[in-house]
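# dropping a prediction and its sequence here:
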Amino acid sequence: MSVACSGNTRVLEQLGEKQDFEAELGRRGFRHEEFALHVGPCDGSGSRAAWNPRYEVKVRHMPTQTVRVYRGGPRENWVARFRKDLVDGLYGQPTYSHAAVSVPPARQRPRHT
């Protein structure tokens, strides 16, 4: 299941950042359903008529009620800053421990004798 995303989600999808965000959650043992993203313009970005490549991503973690805003756009890597916060425990403990997450074995071909 994917992370709920609202606002100007197109920018995250075009840049592959939503997929990168979801991959980090999976790598760290967090459930996608626990998070929601909202993408909007940067505060103080000036006139709405002018094109501005900068945006903000509000990340909400429902179980801990943690909300954090990250800046995105040129020379910004909000997913890397989120990853650091995730590893540092800002969003609590992972739902799944790495030991508990099992990877299904590779499919074996039947042997023909």
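Cool, the structure landed.

# pLDDT weak spots in this protein?
1, 44-51, 97-113 (pLDDT under 70).

# same thing but at 80, please
Residues of the chain that meet the criterion pLDDT under 80 lie in 1, 43-52, 97-113.

# top helix in it by residue count?
In terms of residue count, the longest helix belonging to the chain (DSSP state H) is helix 17-28.

# walk me through which strands the helix or strand that it is followed by pairs with, and which way each runs.
Note on helix 17-28: by DSSP states H and E, the next helix or strand toward the C-terminus is strand 35-41. Strand pairing for strand 35-41, using DSSP bridges, gives strand 4-7 (parallel), strand 55-61 (antiparallel).

# re earlier: just how off-centre is the longest helix of the chain within its chain?
How far helix 17-28 lies from its chain's middle: 5 Å, per C-alpha atoms, centre = their mean, to the nearest Å.

# and it, what's buried?
Across helix 17-28, burial judged by 16 or more other C-beta atoms under 10 Å covers 17-18, 20-22, 24-25. (Glycine included, C-beta is placed from N, CA and C.)

# what residue is smack in the middle of this structure?
Nearest to the mean C-alpha position of the chain, counting by C-alpha atoms, centre = their mean, stands residue 21 at 2.6 Å.

# which residue is the nearest non-sequential neighbour of that one?
Sequence neighbours aside, residue 79 is the residue nearest to residue 21 in space, at 5.5 Å (criterion: C-beta to C-beta, 6 or more residues apart in numbering).

# which helix or strand contains that neighbour?
Per DSSP H and E: helix 78-87 holds residue 79.

# which strands or helices does that helix pack on?
Using 3 or more C-beta pairs under 8 Å, 6 or more residues apart in numbering; DSSP states H and E, the elements in contact with helix 78-87 are helix 17-28, strand 66-72.

# dump the C-alpha coordinates for the first one into PDB.
In PDB, the C-alpha atoms belonging to helix 17-28 read as follows (Å, rounded to 0.1, in the frame of the first residue of the first chain):
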ATOM      1  CA  GLU A  17      10.600  11.400  -4.500                       C
ATOM      2  CA  LYS A  18       7.400   9.700  -3.300                       C
ATOM      3  CA  GLN A  19       8.900   6.300  -4.300                       C
ATOM      4  CA  ASP A  20      12.200   7.200  -2.600                       C
ATOM      5  CA  PHE A  21      10.200   8.100   0.600                       C
ATOM      6  CA  GLU A  22       8.300   4.800   0.500                       C
ATOM      7  CA  ALA A  23      11.500   2.900  -0.100                       C
ATOM      8  CA  GLU A  24      13.000   4.400   3.000                       C
ATOM      9  CA  LEU A  25      10.000   3.500   5.100                       C
ATOM     10  CA  GLY A  26      10.200  -0.100   3.900                       C
ATOM     11  CA  ARG A  27      14.000  -0.300   4.500                       C
ATOM     12  CA  ARG A  28      13.600   1.000   8.000                       C
END
